[in-house]
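Student: here you go, sequence then predicted model.
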Amino acid sequence: MAAEASAPGALQRWLEGQARKDLLRFITCGSVDDGKSTLIGRLLFESRMLFDDQLAALESDSKKLGTQGDALDFALLVDGLAAEREQGITIDVAYRYFTTERRKFIVADTPGHEQYTRNMVTGASTADLAIILIDAQKGVLTQTRRHSYLVSLLGIRRIVLAVNKMDLVGYSAAVFAEVERSYLEFAAQIGLLDVIAIPLSALRGENIVAAAASMPWYHGPTLLAHLEQVPLGEPVATEAFRLPVQRVNRPNPEFRGFSGLVASGTVQVGDSLRVLPSGLVSRVQRIVTADGDLPAASAGQSVTLTLEDEIDVSRGDLLTAEHAPALQSDRCTATLVWMGGEPMLPGRRYLLKCGTRTLSATVSALQYRININTLEHQSARQLELNEIGAITLSLDQPLAFDPYTRNRDTGGCILIDRITNQTVGAALLQSALHHDADLHWQTLDVDRDGRAALKHQKPCVLWFTGISGAGKSTIANLVEKRLFASGCHTYLLDGDNVRHGLNSDLGYADADRVENIRRVAEVSKLMFDAGLIVLVSFISPFRAERELARSLFTAGEFLEIFVDTALAEAERRDTKGLYRKARAGLLRNFTGIDSPYEPPENPEVRIDTSQGSAAQAADAIILHMRRAGIIDRDWVFIP
C-alpha cells in the first residue's frame, strides 16, 4: 500500500516540477541543405527524448531513405513529408517538443528554400530565439541574409550562429572566424546585436551537447548548454494590458462576459478598461475562468471578463488599460512580407486580419522595396513573392493596434486575398497615420437624391467588362443612345477615351491596370452622385478591381454586364489590329495574350455576342434595367 501511495506522489511532484520549468521557443533557419533537420534530430536524440519505437522507426527509415549509409539519419526525425524525404529538403514548418532538467523547448524547423519563405515567417512569429545555420563551406549566403532580416523584422533579438559542417573544413578555426566576422558585420546593420557563434557538426554530434575534442580552440558553450541558460525575452506582462475579444459569452440572461487570451499586461478586478474602437470605459467586475474566479490575470491566460456597465463590446474589439490605450486609425504604415504567388498591387483591396478582427484593406501606397542583400530602399510599383516592402494601408474602419516592435499580438496582421481566401502577406504594423487636420468633409445642401429627382430618374452604374473586341463599346454606345433618346441623363466612360486624358500617365502592366480601374470607379461614383446613369466600358480584367468598384455602391446601384465572346472570335474581328501586334510581340501585357482576363462569376447580365447582334444585346440590357426598377417609363427605341 505504501508503494502504491508513493507512486502517485512521485508523479505529482514530477508534474509540478515540469510546470515550474520555463519554456523557450526557438526556430532553426538557413539555406537549403545546411543541416537544420539533422541538428534538431541530434538535439532530440542527445536529450533522450526518443522512445524505443521511434528509434526503431528511425533505424528502419535510415536504411530505406537515409543518406548516411549504415548510420542513423537524424534528419528523418523531422522531415515528415514524403516530398521532404524524397528531395532532402524541408518544406513545411515542423514543430518538436523536448525537455531537459533545466528547461522545456519548442523548436520549429523552418524551410530554407526561398520558395517557402512564407512558412519560415510562420515559424518565427512566436519564437524567442533563432538558430541561424551556416554551412562552413559556403559561408554567408543570400538566403542567410534573407532569414536574418526576417528574424530581425519579426522581433527576435537573440541569435545563435551555428556554423555547421566544421568536419568538412578540417575543423579550421580560421574558417569559423571568417564566417563569424562576415555574419556579425551584416547582423549589426539590421540591429541583431545579441549573437553567439558556435562551431559544430550536427551529423557527428560535435558541440551539440558535449564539447568537441576536435575543436580545442573553441572555449564557448555547447549549443544545448546555451539554450538552457539564455535569458528569455522581457515578459509581456510588463506591457500595457491588451485583450482582443474573441467571444461574447452569454450563457444566460444574467451573465454577459467577454472572452479572450490576455495578449499583454495584467488585469485586476476593479481596473478601469477602455474598449476600442468605441472608446467606452468601464471597470472589471469579475475575472472568470474554468477553475473559478481570479483576483487578477496576466499575459498568456485565457479568461472571461465581466464589466460593471452594460456597454457595447463585440468580437474583434480590443480591451485596453484606460490610461494606456492602443493606437487607432483607418490609415497606418507597415512592413509587408509578400507571400502571394500573384504580385502585390497597390490599389487592390484585400482582407486584413489582426487578432480577432477582420477588415477590408487597401495597400494605398508602396513606399519602397527592401533589397535584402544591400538593405537598400528601392523604388517599386509592386511586390513579388517573398519580397519585403514598406507600405501604407487604408482600412474601411478604424483599427486599434500597437506597433509590432512593442507587441507582436496586437501589431501583427495577415493580408488575405478576397477571391481565393488565401493568406498572401504578413503585415507588421508600425504607426498610425491621421488625416490632415485641415481636411474636412464639406457639408452640401444638394445631395444625390435631389439631383436624381430633378432629372426624374434613378441613377446607377452599368459596368461593361470583356476582352478587347468583345463589343463592349459598341453595345454601351447603343444603350446610351436609347436612354438619351428617352430623356435620361447619362454619361459614357470608355476605356480608350479615358486613357487620352485622366489616365494618360498609366501603362498596361498589372499595377497600372489596377490604378486605371480604381480611378474610373471613383469617377463613376462622383457621376452617380450627380444623379446620372453612368455607363463604364473597360476591359477591367481583374475580379478584385471590379469588386472594388462594386463596393462603392449599395445593392441595385451597380450592374456588372459581362460582354462575353471567344478569344478566337475577338481576334477575327480585331478592327484595331491589336491582337496581331500582341501576337507579334509588339504589344506587351495585352489581355488574353500575355495578360490574364478573369471573367465575372455572377454578373447581373451576360451578353454572348456570338449569338446575337449588338442591337439585341442593347435590348436585353434595357429590359433588365426595367425589370430591376431602374427605368419605368415608355421607351422610344432607335432602330
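Tutor: Looks like it came in fine.
Student: and the end-to-end length of stretch 548-563?
Tutor: Terminal residues of stretch 548-563 are spaced 19 Å apart (Cα to Cα, to the nearest Å).
Student: from the chain's centroid, how far away is it?
Tutor: Centre-to-centre, stretch 548-563 and its host chain are 27 Å apart (Cα atoms, centre = their mean, to the nearest Å).
Student: now do the buried residues in it.
Tutor: By neighbour count on 16 or more other Cβ atoms under 10 Å, the buried set for stretch 548-563 is 548-550, 553, 558-563. Using the backbone N, CA and C atoms, a C-beta is placed for each residue, glycine as well.
Student: again with stretch 517-525
Tutor: 517-518, 520-521, 523-525.
Student: could you do stretch 401-419 as well?
Tutor: Buried residues in stretch 401-419 (16+ other Cβ under 10 Å): 401-404, 406-418.
Student: same question, stretch 210-229
Tutor: Using 16+ other Cβ under 10 Å as the test for burial, stretch 210-229 gives 211-212, 215, 218, 221-227.
Student: returning to what we had before: hmm, which of the buried residues of stretch 548-563 is lowest in pLDDT?
Tutor: Looking at those by pLDDT, the weakest one is L548, with 84.
Student: give the contact list for the closest residue to that one other than its chain neighbours.
Tutor: Nearest residue to L548, sequence neighbours excluded (Cβ to Cβ, 6 or more residues apart in numbering): R349, at 4.9 Å. R349 sits next to 360-362, 418, 544, 547-548, 551 when contact means Cβ atoms under 8 Å, 6 or more residues apart in numbering.
Student: and which of these is nearest E101?
Tutor: Of all the contacts of R349, E101 sits closest to A361, with 47.6 Å by Cβ to Cβ.
Student: quick check, that closest one in contact with T392.
Tutor: No. The criterion here is Cβ atoms under 8 Å, and A361 misses it with T392 at 10.6 Å.
Student: of the two, which one has the most company?
Tutor: Per other Cβ atoms under 10 Å, whichever of A361 and T392 has more neighbours is A361, with 27 against 16.
Student: hang on, the earlier thing: tell me which of the buried residues of stretch 401-419 fall in helices.
Tutor: Among the buried residues of stretch 401-419, the members falling in helices (DSSP state H) are 408-411.
Student: CSV for those, including distance to L150 and pLDDT?
Tutor: What follows is those, written out as CSV (distance: Cβ to Cβ, whole Å; pLDDT from 0 to 100):
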residue, distance to L150, pLDDT
R408, 14, 86
D409, 18, 87
T410, 20, 91
G411, 16, 91
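Student: same list, the residues you listed, but as JSON lines with distance to R381 please.
Tutor: Shown next, in JSON lines, are these (distance: Cβ to Cβ, whole Å):
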{"residue": "R408", "distance to R381": "30"}
{"residue": "D409", "distance to R381": "32"}
{"residue": "T410", "distance to R381": "31"}
{"residue": "G411", "distance to R381": "27"}
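Student: that older thread, and the two most separated of the contacts of R349?
Tutor: Greatest spatial distance in the contacts of R349: A361 and E547, 13.7 Å, computed using Cβ to Cβ.
Student: coming back round to it: nearest to A427, of the buried residues of stretch 210-229?
Tutor: Looking across these and measuring by Cβ to Cβ, the closest to A427 is L227, at 30.7 Å.
Student: look at the closest one and tell me its secondary structure.
Tutor: Three-state call for L227 (DSSP: H, G, I helix; E, B strand; the rest coil): helix.
Student: check contacts around it.
Tutor: L227 neighbours (Cβ under 8 Å, 6+ apart): 24, 26, 103, 105, 129, 160.
Student: neighbours of the third one, how many?
Tutor: Taking other Cβ under 10 Å as the neighbour definition, R103 ends up with a count of 17.
Student: nearest spatial neighbour of it, skipping sequence neighbours?
Tutor: The spatially closest residue to R103, leaving aside those adjacent along the chain, is E228, at 5.3 Å (Cβ to Cβ, 6+ apart).
Student: quick one: I388 from G495, how far?
Tutor: Distance, I388 to G495, by Cβ to Cβ, to the nearest Å: 34 Å.
Student: ok, Y368 next?
Tutor: According to Cβ to Cβ, Y368 stands 31 Å off from G495.
Student: for R146, same thing?
Tutor: 40 Å.
Student: which sections of this structure are below the confidence cut-off?
Tutor: Scanning the chain for pLDDT under 70 picks out 1-8, 14-19, 32-33, 47-94, 111-119, 233-238, 435-441, 633-639.
Student: go ahead and confirm R408 touches G155.
Tutor: Yes. Applying Cβ under 8 Å, one finds R408 in contact with G155, separated by 5.8 Å.
Student: compare Y368 and G495 (neighbour count), which wins?
Tutor: Set Y368 next to G495 and count neighbours by other Cβ under 10 Å: G495 wins out with 19 against 14.
Student: burial measure for the residue nearest to N477 when sequence neighbours are not counted, as a count.
Tutor: In this structure, N477 finds its nearest non-sequential neighbour in L492, 6.8 Å apart by Cβ to Cβ, 6+ apart. L492 has 20 neighbours, counted by other Cβ under 10 Å.
Student: same deal with the one 10 residues further on?
Tutor: As a burial measure, the neighbour count of L502 was computed by other Cβ under 10 Å and equals 14.
Student: list the contacts of it.
Tutor: Going by Cβ under 8 Å, 6+ apart, L502 touches 519-520, 523.
Student: so it sits in a helix?
Tutor: No. L502 is assigned coil when assessed by three-state DSSP, not a helix.
Student: so how far is R349 from it?
Tutor: The gap separating L502 from R349 is 21 Å, by Cβ to Cβ.
Student: just the buried residues of stretch 563-572, please?
Tutor: Neighbour counts using 16+ other Cβ under 10 Å place 563-565, 567, 570-571 of stretch 563-572 among the buried residues.
Student: got it, and stretch 371-381?
Tutor: Those would be 372, 380-381, for stretch 371-381 by 16+ other Cβ under 10 Å.
Student: ends of stretch 500-514, what's the gap?
Tutor: Terminal-residue distance, stretch 500-514 (Cα to Cα): 17 Å.
Student: cool, thanks, talk later.
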